[in-house]
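**Student:** Mind folding the following:
(one chain, ligands or ions: 2)
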Amino acid sequence: MVVSAFQAHVPLAHRHPSAHPSISSLHPARRPRASATQASPPASVQKANAPLPQAVDAVFIGSGMGALTAAADLASKGASVAVLESYLIPGGSSGWFERDGFRFDVGASMIFGFGERGTTNLLTRALATVGKRLETKPDPVQVRYHLPDGIDVKVHREYEEFLAELIKKFPHEKKGIRKFYDACWSVFNSLNCMPLKSLEEPNYLLRVFAAHPIACLNLLRFIGRNAGDIARDHIKDETLLKFIDMECYSWSVVPADLTPMINAGMVFSDRHYGGINYPIGGVGRIAEELVAGIEECDGCSVHFGARVKKVVFDGAGAACGGQLVDGRTVSAKAVISNATRWNTFGEKGLVEAERVPQSEARFRERYVKSPSFCSMHIAVREKDLKVAMSEEEGMDCHHIMLDDWGEIETARDGKGTLFISIPTVLDKSLAPPDMHIFHVFTPSWMDEWNGLPYAEYQAKKDAMLNTVVARLEKKLFPGLNDAIEFYEVGSARTHRRYLGRVDGSYGPVAGKKLAGLMSMPFNRTDVDNLYCVGDSTFPGQGLNATAFSGFACAHRVAADLGIIATLPGPIDSFLTDLLSRQRLKL
Ligand SMILES: NC(=O)c1ccc[n+]([C@@H]2O[C@H](COP(=O)([O-])OP(=O)(O)OC[C@H]3O[C@@H](n4cnc5c(N)ncnc54)[C@H](O)[C@@H]3O)[C@@H](O)[C@H]2O)c1
Ligand SMILES: CC(C)=CCC/C(C)=C/C=C/C(C)=C/C=C/C(C)=C/C=C/C=C(C)/C=C/C=C(C)/C=C/C=C(\C)CCC=C(C)C
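**Tutor:** Residues are numbered from 1 along each chain as shown. Ligands and ions are numbered 1, 2, ... in the order given. Next comes the predicted model:
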């Protein structure tokens, strides 16, 4: 099946603002969202969708960044892979959609993992496995915070410049600030000196420990801890601790006390090391290139409009393939789910209830679904904004805004934390001349949207947009209301529908204080030959994090398929099971 231009750009959200006179009159300059573009879908997507293979080494359910990285790595090692994606384009939450010459990123536009040095630049590395590379634009500022208590801080790419700005605000915490962020560097430096592969493959662990004993011991020191514990070891000022909470919340959607220190170390250091780099042409280019690279490998294919209904099992109870909703089946030695844990093992999940292993109860007891987001994708005319928009004049691409500390996590209806990205500040090719893309998102829960009749649903989206635009106009972007050309609002329902993620969730987060990353599931499951990849596995949310899960998954699958050397079979199995049992005790 070839994907038509229209299908490949199905609207993210179906909305008709003109049906709501209140909105039209509030925003006379706005017009309803533009029609889906008629431009051709990318070559990678057109080429994909060869006939389904009958049998492969590894079949992937979904084509998010976790799956694409793992598929690319396995393909480069000589395995045959088939990626089955239910939607019409690849990438999942790192996908894209187009309207009237604008190319919008579906998810966050702040991209880690595109550095040139070290080992933690996992997006650069994922593309390289299949001989691809993307041009990127370095972002001089990771994010500018606009927070209560007059905290207006830029996280500069240059580490010392960021510290100086923060210390200026909290001079009495000069030592504590440096100690906390230096602890993050210590984690990062330990990771960034070693090859990053599967932590459930003993041969790798032994080799990496032999080559980097001090770094491994340092990681073991931090792997069971959370960022909040380390921050409190060094910092006393409550407002500064709230700032650190926001630093964590802005990517982990939980405060520092629940954010694993390994992840904080990665994020708070890599932004100054590899830096934040925007892929020219949009975030969706990463998935497009990975698909193109996978398809160039012998015996490897990516299929769209291929929704998997269930995992297929053999007589011994081992996973042996995926069955699509239309009944077609792809058999495989390894089955890898990129769906969330709940979509894989939960009610009406890919694995029927009687086969769900006991160990999943442990996961559910520890992790909960994070909220979804209400995402506002807005096309903006630069000439009507009363603020300079170019990078040269000091406009930053990413902003976080909060008016009241009490509302970091809980506020609803667009009154809480606002995440704002304007990727056109870095890449003008995303929009027509003199136009900008504003992507504004705020945490939002399914219960706010579920069951609303059409008119109420649309009215709620419009109300959210109005609240958010009013806040942005007042504080950051005067003129925004009149500068809106068109807009598109996505709710938790939209995320559930188009990304297939339960309740539109951003992923699992600790439901209570846990020992850092120790209990986050790895890629193997307690079902033989069934693996998981993506943000439901170690180390969690984020593109670079899911790319790590992809590399780790590919490594373990390659070991199980006999493609890479392991310790002798029985020893490998014994040690792998021993490690997994030890983790279960934690
Ligand atoms: N700037 C950033 O850091 C950024 C940007 C975008 C996304 N992300 C991250 O990406 C993470 C998600 O990545 P991921 O790898 O977990 O995957 P994902 O959720 O993005 O993609 C999963 C894919 O699997 C498909 N799928 C689900 N069930 C299926 C089924 N039954 N049959 C066929 N296909 C199915 C979905 O359609 C989707 O395309 C999120 O945590 C988010 O933080 C980060
Ligand atoms: C041998 C022995 C004995 C031992 C051993 C030890 C070891 C080796 C260990 C190891 C470990 C490891 C390897 C680990 C790893 C890790 C990793 C890689 C991690 C990563 C992470 C990352 C992350 C977390 C990221 C994230 C990000 C994100 C989430 C982002 C987001 C964003 C957003 C949301 C945006 C915002 C926006 C605005 C502001 C606008």
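
**Student:** Just the CA trace of the strand or helix carrying Ala128, in CSV.
**Tutor:** According to DSSP states H and E, Ala128 maps onto helix 122-129. Extracted C-alpha coordinates of helix 122-129, given in CSV (Å, rounded to 0.1, in the frame of the first residue of the first chain):
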residue,chain,number,x,y,z
LEU,A,122,22.8,8.6,20.9
LEU,A,123,20.7,10.3,18.2
THR,A,124,23.9,11.0,16.2
ARG,A,125,24.9,7.4,16.8
ALA,A,126,21.5,5.9,15.9
LEU,A,127,21.5,7.6,12.5
ALA,A,128,25.2,6.6,12.0
THR,A,129,24.3,2.9,12.4
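
**Student:** and the helix or strand following that helix, which strands flank it?
**Tutor:** Using DSSP H and E, the helix or strand that follows helix 122-129 in sequence is strand 136-138. Each strand paired with strand 136-138, and its direction, by DSSP bridges: strand 277-279 (antiparallel).

**Student:** quick one: the partner strand to chain centroid distance?
**Tutor:** Chain-centre distance of strand 277-279: 15 Å, with C-alpha atoms, centre = their mean, to the nearest Å.

**Student:** Stretch 264-274 too?
**Tutor:** Counting by C-alpha atoms, centre = their mean, stretch 264-274 is centred 16 Å from the centre of its parent chain.

**Student:** who touches that stretch?
**Tutor:** With C-beta atoms under 8 Å, 6 or more residues apart in numbering as the test, stretch 264-274 has contacts from 112-118, 120-121, 142, 155, 157-159, 162, 181, 183-189, 191-192, 222, 227, 230, 247-248, 251-252, 256, 539, 542, 544-545. Bear in mind the C-beta positions are built from the backbone N, C-alpha and C, glycine included.

**Student:** So Ala256 is in contact with Arg225, correct?
**Tutor:** No: using C-beta atoms under 8 Å as the test, Ala256 is too far from Arg225 to be in contact (11.0 Å).

**Student:** Between these two, which is the more surrounded one?
**Tutor:** Neighbours per residue, other C-beta atoms under 10 Å: of Ala256 and Arg225, the larger number sits with Ala256, 25 against 20.

**Student:** so what pLDDT did the more buried one get?
**Tutor:** pLDDT for Ala256: 96.

**Student:** what does His156 give?
**Tutor:** Residue-level pLDDT assigned to His156 equals 98.

**Student:** just the helices in the stretch 351-500 of the chain please.
**Tutor:** 359-366, 454-475, 480-483, 492-499 (DSSP state H, counting those that start in this stretch).

**Student:** Tell me the gap between the first one and the middle of its chain.
**Tutor:** Meaning helix 359-366. Averaging C-alpha positions (C-alpha atoms, centre = their mean) puts helix 359-366 22 Å from its chain's average.

**Student:** buried residues in that helix?
**Tutor:** Across helix 359-366, burial judged by 16 or more other C-beta atoms under 10 Å covers 360, 363.

**Student:** Paired strands for the helix or strand hosting Val311, with orientation please.
**Tutor:** If you go by DSSP H and E, Val311 is part of strand 308-313. Strand 308-313 has these partner strands in its sheet, going by DSSP bridges: strand 319-324 (antiparallel).

**Student:** ok and the residue in the stretch 401-550 of the chain nearest ligand 1?
**Tutor:** Residue nearest to ligand 1 within the stretch 401-550 of the chain: Gly534 (2.6 Å; C-beta to the nearest ligand atom).

**Student:** what's the spacing between that residue and Leu68?
**Tutor:** Gly534 sits 10 Å away from Leu68, taking C-beta to C-beta, to the nearest Å as the criterion.

**Student:** Surely Glu98 touches Phe104?
**Tutor:** Yes: counting by C-beta under 8 Å, Phe104 is a contact partner of Glu98 at 7.3 Å.

**Student:** With neighbour numbers in mind, choose between the two.
**Tutor:** Using other C-beta under 10 Å, the more surrounded residue of Glu98 and Phe104 is Phe104, with 25 against 20.

**Student:** returning to that earlier point: would you confirm that the residue of the stretch 401-550 of the chain closest to ligand 1 contacts Ala67?
**Tutor:** Yes: counting by C-beta under 8 Å, Gly534 does reach Ala67; the two are 6.7 Å apart.

**Student:** Name the residues contacting each of the two.
**Tutor:** Taking C-beta under 8 Å, 6+ apart as the contact rule, Gly534 and Ala67 both touch 338, 550.

**Student:** ok, Val141 - how many residues close by?
**Tutor:** With other C-beta under 10 Å as criterion, Val141 counts 21.

**Student:** now swap in Arg583 and tell me
**Tutor:** Arg583: 15 surrounding residues under other C-beta under 10 Å.

**Student:** secondary structure element for it?
**Tutor:** Arg583 belongs to helix 569-585, assigned by DSSP H and E.

**Student:** what do you get for Gly550?
**Tutor:** Gly550 is part of helix 543-560 when elements are defined by DSSP H and E.

**Student:** close to ligand 2, is that helix?
**Tutor:** Yes: contact of helix 543-560 with ligand 2 is found when judged by C-beta under 6 Å from any ligand atom, involving 544-545, 548.

**Student:** buried sites along the strand holding Val311?
**Tutor:** 308, 310-313.

**Student:** before we move on, what about stretch 296-307?
**Tutor:** 297, 300-307.

**Student:** What separates the first and last residues of stretch 302-317, distance-wise?
**Tutor:** Stretch 302-317 has an end-to-end distance of 27 Å (criterion: C-alpha to C-alpha, to the nearest Å).

**Student:** Show me which residues of the protein are close to ligand 2?
**Tutor:** Counting by C-beta under 6 Å from any ligand atom, the chain sits next to ligand 2 at 108, 110, 112, 143, 191, 196, 199, 205, 208-209, 216, 219-220, 250-251, 262-263, 266-267, 398, 400, 419-421, 539-542, 544-545, 548.
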